[in-house]
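**Student:** Okay, here's the prediction I keep looking at, along with the sequence it came from:
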Amino acid sequence: DAGVIQSPRHEVTEMGQEVTLRCKPISGHNSLFWYRQTMMRGLELLIYFNNNVPIDDSGMPEDRFSAKMPNASFSTLKIQPSEPRDSAVYFCASSPQVGSNQPQHFGDGTRLSIL
Amino acid sequence: AQSVSQHNHHVILSEAASLELGCNYSYGGTVNLFWYVQYPGQHLQLLLKYFSGDPLVKGIKGFEAEFIKSKFSFNLRKPSVQWSDTAEYFCAVRTPNTDKLIFGTGTRLQVFP
């Protein structure tokens, strides 16, 4: 079975550029999560969607970050403009319906480096 | 707000040693508890989970964890570690009827042959 698929695996870009990270959740999963992992702050939840609707975006650091989920099989996390402090590994995860008592399944992550 | 504390930031063991990683959470109600493992360069994988029932849960690769409600703890254990257990271990809490996971800061485990 295909797991959560993220692209790209690695992204290196200069500060000021727009960065778009992509995620395809596991088919049939209704909840999708974006996390950021850094040495300093560990794993932080940025935003999560349920049935394509953003439920909690309190973890989004600032207006430069935005996330969309246009349909059940695709989500993007966009940073514009990017800054060096955005360098991190960004994970996407998905799970079945809220309250289903099923764990989240994580993608392989996107390692982002902003120069 | 819920929080998760992992007091051991870095643990170094020799193969065959026993392991116990601490995890405490702050939330007074019913919780779901998880341990995830992240091998070097890889994504997080579920080790084990507790929702209800027997407070001693067994996971993959010989790991187990015990939920002690009175102590708000969910410590991870393994009787005899292997070099291949070298990884980072994350404890996480989820309150029912939400999907939001709160992670601890992680414990880096290094096992030497």
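**Tutor:** Okay, I see it. In this text the structure is predicted, and so the values were computed from the model without any measurement. Residues are numbered from 1 along each chain as shown, chains lettered A, B, ... in the order given.
**Student:** can I assume A:Ser95 is in contact with A:Gly28?
**Tutor:** No. Using C-beta atoms under 8 Å, A:Ser95 is not in contact with A:Gly28; the gap is 10.4 Å. The C-beta positions use only the backbone N, C-alpha and C, and glycine is treated the same way.
**Student:** and these two? which has more neighbours close in?
**Tutor:** When A:Ser95 is set against A:Gly28 and neighbours are counted by other C-beta atoms under 10 Å in any protein chain shown, the residue ahead is A:Ser95, at 24 against 10.
**Student:** May I have the beta-bridge partners of the more buried one?
**Tutor:** A:Ser31 (DSSP bridges).
**Student:** From A:Gln80, how far out is it?
**Tutor:** Per C-beta to C-beta, to the nearest Å, A:Ser95 is found 28 Å from A:Gln80.
**Student:** cool, and A:Ile47?
**Tutor:** 16 Å.
**Student:** before we move on, what about B:Phe51?
**Tutor:** Relative to A:Gln80, B:Phe51 is positioned 40 Å away (C-beta to C-beta).
**Student:** who has more neighbours, these two?
**Tutor:** Comparing B:Phe51 with A:Gln80 by neighbour count (other C-beta under 10 Å), the higher total belongs to B:Phe51, at 16 against 13.
**Student:** Would you confirm that the more buried one contacts B:Asn32?
**Tutor:** Yes. Using C-beta under 8 Å, B:Phe51 makes contact with B:Asn32 at a distance of 5.2 Å.
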